[in-house]
Structures are given as structure tokens and as C-alpha cells.
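Peer 1: predicted coordinates and the sequence they were generated for:
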Amino acid sequence: MSAFITTKGRYAIRVLIDLAENGEGGCIPLKEIAERQAISQKYLESIMALLVKADLVSGTHGKGGGYALSIPPEKCTVGMVLRITEGPVGPVACINDGKVNCERAGVCKTLPLWQKLDVLINDYLNTVTIKDLLGDPGCPPNVILPE
């Protein structure tokens, strides 16, 4: 678990949005995605390998090749993408995919705080889909920003 979402996770989400917006005609060459997203093609290759392995996208080689979504954008959640690219997403290292891994768990007064935050983070990330992100670029639905 990282302390923050890295470029790998953020770029993977951007790539999936790009595929959803531009992929109606079939496969999209990686070069086009890299140019539109201003991301190194070499770096995108490593991200695409993860997304292909997880069956979120399919890739074809040769003339007319490229990448396409394997699942509908409404079925692809941000939580799925981040777990594929980042590993478990959570607030502290002692909680991994909802499981507590700490020798102090029995006496830790802060554990309930971190467990609740872990649930809130993952529940939220599991509700936002790539389709949601295709709409208003300001923020996805159901997001309440502090005033």
C-alpha cells in the first residue's frame, strides 16, 4: 500500500477514460492515447500490460492494432483500477484489504478509526465508475465537496 495514489494509478484511470471516449471505432493505437494524454508511450506500455492481464482492456498487435475496453465503462470502478495498479488501497499499512495485520490490534485505540476510514475509502472508490468520469470533468456523481 502506498501513502498516496501514484502516477500509475492516475494514468490508468485516464487511459480507461480515453478508451471509453474514443474507442467506439475499435482498437486505439497506444501512440494516440499517449499523445492525447501527454504520457510517455513507454510508461503506458507497463500500465497497459497490467490492464490487459486484469482483463479490463484487450490489446491487438499489427496493422489496425491497439487497445480497447474489455468491459463496459459502467462496470469498471476506480477501486478495481487502483487495486490492479497500486495494490490494496487504504489509510494505514496495518489494514490490508480490510484485514488487520498488527500485533497491537488488541490494544490499539486508533484501530476502529482506521478500519472505518478504510471502509469509507474503498466503498467510495468502488462506486465511482469510468462511465461516471466521462461526464462533468468537475467531479463524479455523488461527490460532496466541502464548502
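Peer 2: Sure thing, it's come through.
Peer 1: just how off-centre is stretch 26-43 within its chain?
Peer 2: Computed by CA atoms, centre = their mean, to the nearest Å, the separation of stretch 26-43 from the middle of its chain amounts to 17 Å.
Peer 1: end to end, how far does that stretch reach?
Peer 2: Stretch 26-43 has an end-to-end distance of 22 Å (criterion: CA to CA, to the nearest Å).
Peer 1: if you count neighbours, what's buried in it?
Peer 2: Neighbour counts over stretch 26-43 (16 or more other CB atoms under 10 Å) mark C27, I28, L30, I33, A34, I39 as buried. Yep, even glycine has a C-beta here, placed from its N, CA and C like the rest.
Peer 1: what comes into contact with it?
Peer 2: Under the criterion CB atoms under 8 Å, 6 or more residues apart in numbering, residues 7, 11, 14-15, 18-19, 22, 44-45, 48, 59-60, 64-68 lie in contact with stretch 26-43.
Peer 1: and the strands in this protein?
Peer 2: Assignment of strands within the chain using DSSP state E yields the ranges 57-60, 66-69, 95-96, 99-100.
Peer 1: can you say which of these is nearest to E86?
Peer 2: Nearest to E86 among the strands of the chain is strand 95-96; the distance by CB to CB comes to 12.4 Å.
Peer 1: and the closest one, what other elements does it pack with?
Peer 2: helix 111-125 (3 or more CB pairs under 8 Å, 6 or more residues apart in numbering; DSSP states H and E).
Peer 1: what residues does the residue most central in space within the chain make contact with?
Peer 2: Nearest to the mean C-alpha position of the chain, by CA atoms, centre = their mean, lies V81 at 2.8 Å. Taking CB under 8 Å, 6+ apart, we find V81 in contact with G9, A12, I13, L16, L51, L56, I130.
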